[in-house]
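Asks: sequence-free structure coming up:
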């Protein structure tokens, strides 16, 4: 992600009065005229481990240039090819989901370990078959007549061609060349300069006060500027709640690091056992990574008591966690991405299938359905509900008294299956899950999720496409009695808490 701006070296504006800030912007303008072709690129590197996948949707934006890096040797090794294929497809589909029009370069590493042009052509043919028709945003390597850019990091072979291609594409991006007021550039440079003083985030009040020194007086103009900086990846500013809106993250790595303190592969990135013991959190630690249930105390420990309310609110609003009210008076939070146990039991019941195979079922959708379902149970505090049974790709949740949701994620077939035990709740079950998918699609997935719905006919066992089932009023999914149950609940532009109480 990038923002085009010519920047002059200047003092921290916190130490300047308004007149000096204006003079400073004048110097910036002069510098911009001299260095009008300056291009500043902000580089984001996403973690490759599967456990991090559920977080990536927070950071993938529609603007910028994406670079998908893979190891060419894995394409050429029979044992590694299948896993490499899934890795590449995951990223291709994720980028297409969130940034369907954004340029994407594919980069193969370890060029010096590849023997001869024949192997390069094998890799190229593989990528051509993988991307043709479905991924038109992939940029061709016209210098070498390839679908990707082979490089070697040790010898730097191919790096210059890649660098020039990225720069050329960036300069041709209309968003990069968008004209903005010089006072916005001054404001941005000043905010980012705070990183040097050790700041990772600022409050909205501080930013508004800061902006006035550059002649930005109105709240609406500050919000407009912050929205642009957020979209360009220079800052992170989420606005769905007052708690989130109040924090402007000027060092995105701080946020990624904080979330990775919780959503992590504990086998690869374990905490220091002595620190856990000294803090008296051994049981909390085990419960977090064995049962995916984290206490407030553990969050405070993991985040060093820094902006805990903000981070909890962010994780809840992006459906990475939900409250858990099944441990008497103890307060816990469920983090479904940490569920590791496989379900070995039998799955039975009338089936409703949400099929994503024509597009893509991203990691995190199923986990967010669990978050929404468990979050909804908080509305029934006065009534006794059975604690959910939760596994890595299966969940049984008493959604409300009498209504039990049984969900299964079939990763291989790219579908989520809902099993209905009591046919009296068939219509309500379909309506609930469909509304939740629409909610997380709008709030987290950038409206890019596509799915079709199949409903099981109990008399024949066949699966009927949704529109046909509705027109034929297929029992028990559709009839005059349950017409209200299947009415669409509003999911767009609705606060999460309101959505969960209304569903």
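Replies: Right, received. Where do you want to start? Keep in mind that this is a model prediction, so the values were computed, not measured.

Asks: Roughly how far does the nearest residue to residue 445 once chain neighbours are set aside sit from residue 46?
Replies: Counting by C-beta to C-beta, 6 or more residues apart in numbering, residue 57 is the residue found nearest to residue 445 once chain neighbours are left out, at 6.1 Å. C-beta here means a position set from N, CA and C on the backbone, and glycine is covered the same way. Note on residue 57: its distance to residue 46, by C-beta to C-beta, to the nearest Å, is 11 Å.

Asks: Which one's more surrounded, these two?
Replies: residue 57 (24 against 14; other C-beta atoms under 10 Å).

Asks: Give the helix, strand or coil label for that one.
Replies: Counting by DSSP: H, G, I helix; E, B strand; the rest coil, the backbone at residue 57 sits in helix.

Asks: Check the one 10 residues further on too.
Replies: Using three-state DSSP, the three-state assignment for residue 67 comes out as strand.

Asks: Could you tell me which ranges of this structure sit under the pLDDT cut-off?
Replies: 1-36, 47-49, 51, 268, 327-330, 381-384, 480-494 (pLDDT under 70).

Asks: Just to be sure, residue 455 is in a strand?
Replies: Yes: according to three-state DSSP, residue 455 belongs to a strand.

Asks: what pairs with it across the strands?
Replies: With DSSP bridges as the criterion, residue 455 is bridged to residue 352, residue 464.

Asks: how about the residue nearest the centre of the chain, what does it touch?
Replies: Geometric centre of the chain, nearest residue: residue 57, 1.4 Å, by C-alpha atoms, centre = their mean. Contact analysis of residue 57 by C-beta atoms under 8 Å, 6 or more residues apart in numbering lists 94, 98, 318, 362, 364, 444-446.

Asks: Next step: those restricted to strands.
Replies: Within the contacts of residue 57, no residue falls in strands by DSSP state E.

Asks: Quick check: the farthest pair among the residues you listed?
Replies: Greatest spacing in these, by C-beta to C-beta: 94 and 318 (15.7 Å).

Asks: If you count neighbours, what's buried in stretch 83-91?
Replies: Across stretch 83-91, burial judged by 16 or more other C-beta atoms under 10 Å covers 84, 87-88, 90-91.

Asks: ugh, typo on my part, it should be stretch 227-243
Replies: 228-238, 241, 243.

Asks: From the chain's centroid, how far away is that stretch?
Replies: Remark: stretch 227-243 is offset 14 Å from the chain centroid, using C-alpha atoms, centre = their mean, to the nearest Å.

Asks: and it, how far apart are its ends?
Replies: 17 Å (C-alpha to C-alpha, to the nearest Å).

Asks: start the count at 106, not 1, going forward
Replies: New numbering, starting at 106: the last item is stretch 332-348.

Asks: Which residues belonging to stretch 354-369 are considered buried?
Replies: 354-357, 359-361, 363-369.

Asks: Can you tell me which of those is nearest residue 413?
Replies: residue 363 (9.7 Å).

Asks: For that closest one, which residues are in contact?
Replies: Here residue 363 is in contact with 408, 412, 416 (C-beta under 8 Å, 6+ apart).

Asks: tell me the SS of it?
Replies: helix.

Asks: hang on, residue 165 is in a helix, isn't it?
Replies: No: under three-state DSSP, residue 165 sits outside any helix and is assigned coil.

Asks: which residues touch it?
Replies: Contacts of residue 165 by C-beta under 8 Å, 6+ apart are 199-200, 202-204, 551.

Asks: Determine which two of the buried residues of stretch 332-348 are furthest apart.
Replies: 337 and 348 (23.7 Å).

Asks: Could you give me the buried positions within stretch 229-246?
Replies: 229, 231-232, 235-236, 240, 242-244, 246.

Asks: now stretch 445-458
Replies: Residues 454-458 are the ones in stretch 445-458 that count as buried (16+ other C-beta under 10 Å).

Asks: Quick check: of the contacts of residue 162, which lies closest to residue 304?
Replies: Nearest to residue 304, judged by C-beta to C-beta, of the contacts of residue 162 is residue 423 at 23.2 Å.

Asks: Now for that closest one, how many residues are close by?
Replies: What residue 423 shows, counting by other C-beta under 10 Å, is a neighbour count of 23.

Asks: Please apply the same query to residue 204.
Replies: Residue 204 is flanked by 21 other residues according to other C-beta under 10 Å.

Asks: Are we agreed that residue 316 is in a strand?
Replies: No: counting by three-state DSSP, one finds residue 316 to be helix, located in no strand.

Asks: so it touches residue 292, yeah?
Replies: Yes: at 5.2 Å, residue 316 counts as touching residue 292 under the criterion of C-beta atoms under 8 Å.

Asks: what about the two, which has more around it?
Replies: The neighbour comparison of residue 316 against residue 292 (other C-beta under 10 Å) goes to residue 292, with 28 against 24.
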